[in-house]
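Asks: Build the 3D model from these lines:
(chains A, B and C)
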Amino acid sequence: MNQADVSKLMSQLRIAVRSNKRNLKNPDGPEGRLLKLRKTVTALVKHERIELFYNRADEARGYAELLISNAIRHGDRHKATMELADYWLLEKQLVHKLFKVLVPRYENYNVSYTRMFKAPRDYPGIYYRKSVLELRGNPYPVLTQDNSQNRNLLHNVLLDEARKEFRREKLASLANKLAAETEETPKPTVEKATEV
Amino acid sequence: MNVNARFLTNRIAQQCAYKRIVTFSTKPTEQSAAAAVPQQQQQQQHDAVAPPVRKPIVPAHYRFVYPEFLPDPKVEWRNSIREKLERLDMLNRRRQIELPEFYVGSILAVTSSDPHAAGKTSRFVGICIHRERCGLRARFILRNVIDHQGIEIVYELYDPTIQKVEVLRLEKRLDDSLFYLRDALPEFSTFDEHMEAETLEEGTPVPINELKVVLRPRPWLERWERQNLRGVANIDQYLKDKHRKSSEKVQKPWEKYDLMKQYRATIPEEEQKEIFAEVHTELHTLELQRKRNKRKRTFVKPKHLA
Amino acid sequence: MLRTVICDLARLRLSGSTASSAAVVVTQVREKGHLSRPRLRNPYWFIRPQRSQTDDLVTGENRSFIKEVIHDTYGVPALIKGVQTYEQRQLIKTPQASATEDAQPWTPNVRRCGLIARKIGQYPLWLKNGERVRTTLLQVVDNHVVKYIPPEEYRPAQQPDVKHLHRYGCLVVGAESTNPALLTKEYCGLFKDSGVMPTKNLARFIVSPQAALAPGTPLNVGHFRVGDFVDVRGKTVDHGFQGVVKRHGFKGMPASHGVTKTHRRPGNIGGGGEKGRVWPGTKMPGHMGNRWRIIKGLRIWRVNTKYNVMWVQGSSVPGSTNGLVYIYDTILPLRRPQLAPPFPTLYDNDAEEQLPEDIWHEQVHNFNEESITYKPE
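Replies: Numbering: from 1, shown residues only, chains lettered A, B, ... in the order given. The predicted structure is shown next:
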């Protein structure tokens, strides 16, 4: 019912976005919340992989994505983008990293620039959900599970066999059909031949 | 080996065409698009060079000219089918009536059917001080001072009782909404009822009127000093220190860096393109038609005078 | 109450087995939380639809094979009337032959089937006299009849509030076909005999035996006509525990002028003397929303058969946008249809011949028509 803001143009995020923000408990209000997130975004750009509480990571992720997409869209000659980078990156040498390293890295990406994983909680400890936030294309070893040997799992072996049988049956039925058609079609020609 | 691997990754990158991530639950059209993608990929694998799909190029200024075609960015209220039906209805209405381009600060004349008026129509001339809402609910407020009495009328853009919308002067002001005209001296919102339409040359950008308005002394309807208005000349004259302090306290200078807040208040560029690609051809033909009509009208006029 | 009785019985049995002379002590359990709290989960005998999702490490090849089998049995995914579903070719699209043979005519007292729909939003329409009406858009989402239970077999575990229930049968209708691999085996079993693909949503409609439909019949928006009145049932938006200002619209107390500690409180909740207690039904803080509500007698202003959408009067249809609602013929006596509606429903083949894409009520201004003008008197 309210008109969308047309003064700004932003590119679509490639991550799922919550409909509303999390307040991230802070005595300084919204400004303090942003400071918290600035620290997280700075750390993410600096270290490329960080482990932190899920809520804060999820909030910071959107800001990091938009910062990178803005940097790609406008480049380092755009004043407003430079101001944004200056605000969001607390360590100023990282501004160079953003424009000189990350922008070339992500220019041709079709997927999101960051990844997030759920991390285990330490027990006993603070009972908050934890997560790992990382930039794609980082130099560290991958965190995802190695799925290359999954085909050896029992259910996959069984499914493989079922698939083969399914294909075989389909082929057989197709062949039967073809055979039936070919049997039907020559008959009239044969009859004609006899007539002649 | 190395070259091969790079080639492969390129191929993979091309294949996994970026699908939009849906942030709300029901979006059948997108799901269908997602379902259609694998088939397209298969086709592409079969014939290596597929003919590129030509899409109509949507002008960048459309989002300013037709802001009501963009849906409410609140995701809980969005539904692609509803938005589509709404757009179709809006286009149907636009085929019946000429709804010209105008902005906050433009001077309009609206003729509408009125069962209580003599002749059953009423015409109101005024400055547009506000535009709001989207879709069929889109509306704007016209303000004028008539017989020393400030009058404002809220018109719904797609209301079928509206018979004619004329833009008498196409221009923008320095601010996005001009509610402060209510507290300004009456001459700033007084416009002649029999004003003639001023023509703007084709291709020129919409001029921005840098007129600064003179406010009346307090009491005001709103605390204008808190709103960072650019179109007010004499606001400092009425401020005491306590006003300055309190207005400083409510400023939110960090909001221009709050990217996610801006993201949640806008429709992303890709989605805007999709929406306008759907309505673009129709709107464009209507625009051309309007221009043709205008030319005819301007042609006829001198004859009348003679 | 029930719990006290059960406790007492258990204690009796225990005492009976151990010491026969133990006395029975009745302890009262005071519970009335259930009065203001909505039920959050279904009763235990309901079949759980969703399977618990775990990463089953199926290889990509096998995953596509499973998909292929599903498409083989139910049809390929298709966008039908604006809803993403599956092309279910095996269904009997129009069991007209059987329907026309033993079709009984419509009578005013007959109960017809309803529809499952989604509330997709709201926008205004204008009447021909220039009046603006707010309308809610309801999209009928891929409805199929799953099962008919005749009156003699219909013994529901929970009795619906219908007079002379023994005269009516029950129609089970499903909406929004989905991948059966995501559902439990037991839930899929409900669809086994119908031939319908398992659906995300199910609803039962109490119908007269004349209005019974064959399993697999698709239901569309043509089931209702423009100008008819409908009742819409939905679950209201959950607001959680709310105070009286939000829940009942109390005014609260002044913010200043010496008022302390009471700004949004209810104030007095009862008198003294003989009525010195809190009367039942007193408006107090509590859980707001998340209840089933029926809004009755909404007029259908417009129907779009291409997307299966109907525009109904008003903006107070219960539930959120994109939420599920159920549409029935109205039970309000003065708004019930005078002329026979499509009975038992409008079949697809009939629809293609008759219904145009957009149907407008005669009083509603069509956006394709010229602007409204008033005639001078």
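Asks: if I look at the residue lying closest to C:Leu219 once chain neighbours are set aside, how far off is A:Leu153?
Replies: For C:Leu219, the nearest residue in space outside its immediate sequence neighbours is C:Asn143; the separation is 3.9 Å by CB to CB, 6 or more residues apart in numbering or on different chains. Backbone N, C-alpha and C define where each C-beta goes, glycine included. C:Asn143 sits 40 Å away from A:Leu153 when distances are taken as CB to CB, to the nearest Å.
Asks: go on, B:Glu271?
Replies: When CB to CB is the yardstick, B:Glu271 and A:Leu153 sit 41 Å from each other.
Asks: Hmm, C:Arg247 and C:Gly240 touching each other?
Replies: No: in this structure C:Gly240 lies outside contact range of C:Arg247 using CB atoms under 8 Å: 10.3 Å.
Asks: Those two: which is more packed in?
Replies: Per other CB atoms under 10 Å in any protein chain shown, whichever of C:Gly240 and C:Arg247 has more neighbours is C:Arg247, with 18 against 8.
Asks: what is in contact with C:Gly240 and C:Arg247 at once?
Replies: Taking CB atoms under 8 Å, 6 or more residues apart in numbering or on different chains as the contact rule, the neighbours common to C:Gly240 and C:Arg247 are C:Met288.
Asks: Which residue of C:Asn143 and A:Leu153 possesses the greater neighbour count?
Replies: C:Asn143 (27 against 14).
Asks: per-residue confidence at the more buried one?
Replies: For C:Asn143, the pLDDT comes out at 93.
Asks: Could you pull up the residues touching it?
Replies: Here C:Asn143 is in contact with C:Leu115, C:Ile116, C:Val173, C:Gly174, C:Ala175, C:Pro218, C:Leu219, C:Asn220 (criterion: CB under 8 Å, 6+ apart).
Asks: For those residues, which two are the farthest from each other?
Replies: In the contacts of C:Asn143, two members sit farther apart than any others by CB to CB. They are C:Gly174 and C:Asn220, at 14.3 Å.
Asks: higher neighbour count, the two?
Replies: C:Gly174 (25 against 21).
Asks: ok, which residues in chain A are in contact with chain C?
Replies: Among all residues of chain A, those adjacent to chain C (criterion: CB under 8 Å from any CB of the partner chain) are A:Asn147, A:Asn150, A:Arg151, A:Leu153, A:His155, A:Asn156, A:Leu159, A:Asp160, A:Ala162, A:Arg163, A:Phe166.
Asks: C:Lys306 reaches C:Gly82, doesn't it?
Replies: Yes: if you go by CB under 8 Å, C:Lys306 and C:Gly82 touch, sitting 7.5 Å apart.
Asks: okay, these two: which has more neighbours?
Replies: For the pair C:Lys306 and C:Gly82, the greater number of neighbours falls to C:Gly82 (22 against 13), based on other CB under 10 Å.
Asks: Skipping adjacent residues, who's closest to that one in space?
Replies: C:Tyr307 (4.0 Å).
Asks: you'd agree that neighbour is up against B:Arg82?
Replies: No: between C:Tyr307 and B:Arg82 there is no contact, the gap being 9.3 Å when judged by CB under 8 Å.
Asks: Is chain B within reach of stretch C:170-177?
Replies: No: applying CB under 8 Å from any CB, one finds stretch C:170-177 separated from chain B by no less than 9.3 Å.
Asks: So which bits of that stretch are buried?
Replies: Taking 16 or more other CB atoms under 10 Å in any protein chain shown as the basis for neighbour counts, the residues of stretch C:170-177 that come out buried are C:Cys170, C:Leu171, C:Val172, C:Val173, C:Gly174, C:Ala175, C:Glu176, C:Ser177.
Asks: what's the domain layout of chain A?
Replies: A:29-135, A:150-195 (automatic domain parsing).
Asks: quick one: which of those is nearest C:Tyr374?
Replies: With respect to C:Tyr374, and counting by CB to CB, the nearest of the domains of chain A is domain A:29-135 at 52.0 Å.
Asks: That closest one: end-to-end distance?
Replies: Using CA to CA, to the nearest Å, one end of domain A:29-135 lies 28 Å from the other.
Asks: and of the contacts of C:Asn143, the nearest to chain B?
Replies: Compare each of the contacts of C:Asn143 with chain B using CB to the nearest CB and the shortest gap goes to C:Ala175, at 12.2 Å.
Asks: partner residues bridging the closest one?
Replies: Judged by DSSP bridges, the bridge partners of C:Ala175 are C:Asn143, C:Asn201.
Asks: Isn't it up against C:Thr199?
Replies: Yes: applying CB under 8 Å, one finds C:Ala175 in contact with C:Thr199, separated by 5.6 Å.
Asks: what about the most centrally placed residue in chain B, distance to chain A?
Replies: Within chain B, one residue has its C-alpha closest to the average C-alpha position: by CA atoms, centre = their mean, that is B:Pro67, at 2.7 Å. In this structure, B:Pro67 lies at 5 Å from chain A, with CB to the nearest CB, to the nearest Å as the measure.
Asks: repeat for B:Arg143
Replies: The span separating B:Arg143 from chain A equals 19 Å under the rule CB to the nearest CB.
Asks: Please, where are all the strands along chain A?
Replies: With strands called from DSSP state E, chain A shows them at A:49-53, A:114-119, A:130-135.
Asks: Just name the most buried of the ones you listed.
Replies: The highest mean neighbour count among the strands of chain A belongs to strand A:130-135 (a mean of 20), with neighbours defined as mean count of other CB atoms under 10 Å in any protein chain shown.
Asks: what pairs with that strand, and is each one parallel or antiparallel?
Replies: strand A:49-53 (antiparallel), strand A:114-119 (antiparallel).
Asks: Briefly note if stretch B:178-197 comes near chain A.
Replies: No: contact check for stretch B:178-197 against chain A, using CB under 8 Å from any CB: none in range, with a minimum separation of 15.7 Å.
Asks: export that stretch as PDB, just CAs?
Replies: Taking C-alpha atoms only, stretch B:178-197 is exported to PDB below (Å, rounded to 0.1, in the frame of the first residue of the first chain):
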ATOM      1  CA  LEU B 178       5.200  19.800   0.300                       C
ATOM      2  CA  PHE B 179       3.000  19.600   3.400                       C
ATOM      3  CA  TYR B 180       4.800  22.700   4.700                       C
ATOM      4  CA  LEU B 181       2.800  24.800   2.300                       C
ATOM      5  CA  ARG B 182       0.000  24.500   4.900                       C
ATOM      6  CA  ASP B 183       2.100  26.600   7.300                       C
ATOM      7  CA  ALA B 184       3.500  28.900   4.600                       C
ATOM      8  CA  LEU B 185       2.100  32.200   3.500                       C
ATOM      9  CA  PRO B 186      -1.000  31.700   1.400                       C
ATOM     10  CA  GLU B 187       0.500  33.200  -1.800                       C
ATOM     11  CA  PHE B 188       2.800  30.200  -2.100                       C
ATOM     12  CA  SER B 189      -0.100  27.900  -2.600                       C
ATOM     13  CA  THR B 190      -2.400  30.200  -4.600                       C
ATOM     14  CA  PHE B 191      -2.800  29.400  -8.200                       C
ATOM     15  CA  ASP B 192      -5.000  30.900 -10.800                       C
ATOM     16  CA  GLU B 193      -8.000  28.700 -11.700                       C
ATOM     17  CA  HIS B 194      -7.900  29.800 -15.300                       C
ATOM     18  CA  MET B 195      -4.200  29.100 -15.700                       C
ATOM     19  CA  GLU B 196      -3.100  28.000 -19.200                       C
ATOM     20  CA  ALA B 197      -1.100  24.900 -19.600                       C
END
